[in-house]
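Engineer: got a predicted model here, sequence first, then my questions.
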Amino acid sequence: MEKIDCNCLVGHWPFRMLREQGIDAIRAKHAETGISLGLVANMNSIFYNDPLEGEAELASALKGTGCLHVMTVNPMLPCFEEDIDIAMDRYNICAVRIYPGYHQYRLVDNANVERLCSMLKERNLPLFISLRMEDERLNYLMRPLTPEEFGIYDFLRRESPCRILLLTARTHELLGHKDLFIGRNIWYDTSGLKNGSFAIELLYSEIGTDKLVYGSLYPLFSLRSALYLVERSKLGEKELCNILWRNAQILLGRNGIK
């Protein structure tokens with residue numbers, strides 16, 4: 001069974017040391033665990049004044065690896081639309097990722113976010129939204145806005161025109177808002193589901209597996225633990241294929257990924 005990791009990262013994390021990092025570490029970990037494709041973003045772009053410089057770094061790191069480029073955007077900065085067009089032309093990006101918690105803006109009633117979503121709809125690119133990057137108890141130098149503070153659930157209720165992937169949502173958050181995922185173009189990944197037992201089975205019984213994709217948040221989180229959560233669940237082969245491969249292809253708007 002082929003597998004896609006929709007949530008892995010290169011670059012430096014300024015708040016703590018990472019024992020493993022870089023594209024070589026990602027490729028080695030993927031090879032060990034049978035993952036055939038990674039969607040990679042650059043953590044440096046979160047903190048650069050010019051995020052596009054981080055995308056140039058990422059493109060260089062990904063060259064020849066077969067991994068797909070996820071662009072980081074701060075829609076509150078000027079010229080973000082031009083940056084997306086530049087990245088599409090130069091780097092063949094597959095998605096755009098935002099961090100409203102770290103960049104301190106609300107999603108609702110935000111003209112810049114509305115422009116971003118409309119642009120991504122036109123360009124056939126999905127929007128990846130990071131709900132968090134670490135356990136909130138580790139946020140001691142900088143406190144990001146929580147998902148509630150940046151208005152993620154109000155935003156999702158307004159039917160965004162583009163496809164959306166929620167990254168690192170907790171099980172209780174998904175179950176508490178399960179109505180948002182029925183009949184909408186909203187997906188969610190596995191990286192935040194390790195805060196309780198039988199999370200995959202519980203989500204399957206309540207929501208199904210049509211919108212769940214495998215994502216590790218490696219190297220901030222353990223890649224293997226998120227993968228074992230899926231592979232050692234009691235789901236059937238069809239459901240596992242949905243999570244590990246098929247759903248990601250639909251999210252990316254592709255008939256197939258080579």
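Structural biologist: Cool, got the structure.

Engineer: could you pull out the strands for the stretch 1-150 of the chain?
Structural biologist: Remark: strands assigned in the stretch 1-150 of the chain by DSSP state E, counting those that start in this stretch are 4-10, 37-42, 68-72, 95-98, 127-130.

Engineer: out of the ones you listed, nearest to residue 237?
Structural biologist: Counting by C-beta to C-beta, residue 237 lies closest to strand 4-10 out of these; the figure is 16.4 Å. Where C-beta positions appear, they are placed from N, C-alpha and C, glycine not excepted.

Engineer: would you confirm that residue 193 contacts residue 225?
Structural biologist: No - look at residue 193 against residue 225 with C-beta atoms under 8 Å: they stay out of range, at 10.0 Å.

Engineer: who has more neighbours out of the two?
Structural biologist: Between residue 193 and residue 225, counted using other C-beta atoms under 10 Å, the more crowded position is residue 193 (23 against 12).

Engineer: give me the nearest residue to that one, chain neighbours excluded.
Structural biologist: Distance criterion C-beta to C-beta, 6 or more residues apart in numbering; nearest residue to residue 193, sequence neighbours excluded, is residue 199 at 4.0 Å.

Engineer: repeat for residue 237
Structural biologist: Among residues not flanking residue 237 along the chain, residue 1 sits closest, at 7.5 Å (C-beta to C-beta, 6+ apart).

Engineer: what of residue 23?
Structural biologist: In space, residue 23 comes closest to residue 61 once its chain neighbours are excluded; the distance is 4.6 Å by C-beta to C-beta, 6+ apart.

Engineer: test my guess that the one you found contacts residue 22.
Structural biologist: Yes - at 7.4 Å, residue 61 and residue 22 qualify as touching, with contact defined as C-beta under 8 Å.

Engineer: mutual contacts of those two, please.
Structural biologist: residue 10 (C-beta atoms under 8 Å, 6 or more residues apart in numbering).

Engineer: the more surrounded of these two?
Structural biologist: Neighbours were counted for residue 61 and for residue 22 using other C-beta under 10 Å; residue 61 has more, 19 against 14.

Engineer: give the contact list for the more buried one.
Structural biologist: 10, 22, 23, 40, 42.

Engineer: what of residue 4?
Structural biologist: Each residue near residue 4 by C-beta under 8 Å, 6+ apart is listed here: 35, 36, 37, 38, 39, 213, 214, 244, 245, 248, 249, 257.

Engineer: one more pass at 7 Å, please.
Structural biologist: 37, 214, 244, 245, 248 (C-beta atoms under 7 Å, 6 or more residues apart in numbering).

Engineer: which of the contacts of residue 61 are buried?
Structural biologist: For these, a neighbour count by 16 or more other C-beta atoms under 10 Å gives the buried set as 10, 23, 40, 42.

Engineer: the first one touches residue 24, doesn't it?
Structural biologist: The reference is to residue 10. No - using C-beta atoms under 7 Å, residue 10 is not in contact with residue 24, being 9.5 Å away.

Engineer: turn the contacts of residue 4 into JSON lines, columns for secondary structure and distance to residue 181.
Structural biologist: Output for the contacts of residue 4, formatted as JSON lines (DSSP: H, G, I helix; E, B strand; the rest coil; distance: C-beta to C-beta, whole Å):
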{"residue": "37", "secondary structure": "strand", "distance to residue 181": "24"}
{"residue": "214", "secondary structure": "coil", "distance to residue 181": "17"}
{"residue": "244", "secondary structure": "helix", "distance to residue 181": "18"}
{"residue": "245", "secondary structure": "helix", "distance to residue 181": "19"}
{"residue": "248", "secondary structure": "helix", "distance to residue 181": "16"}
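
Engineer: columns neighbour count and pLDDT on top of those, output as TSV?
Structural biologist: Formatted as TSV, those follow (neighbours: other C-beta atoms under 10 Å; pLDDT from 0 to 100):
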residue	neighbour count	pLDDT
37	18	97
214	26	98
244	24	97
245	18	96
248	27	97
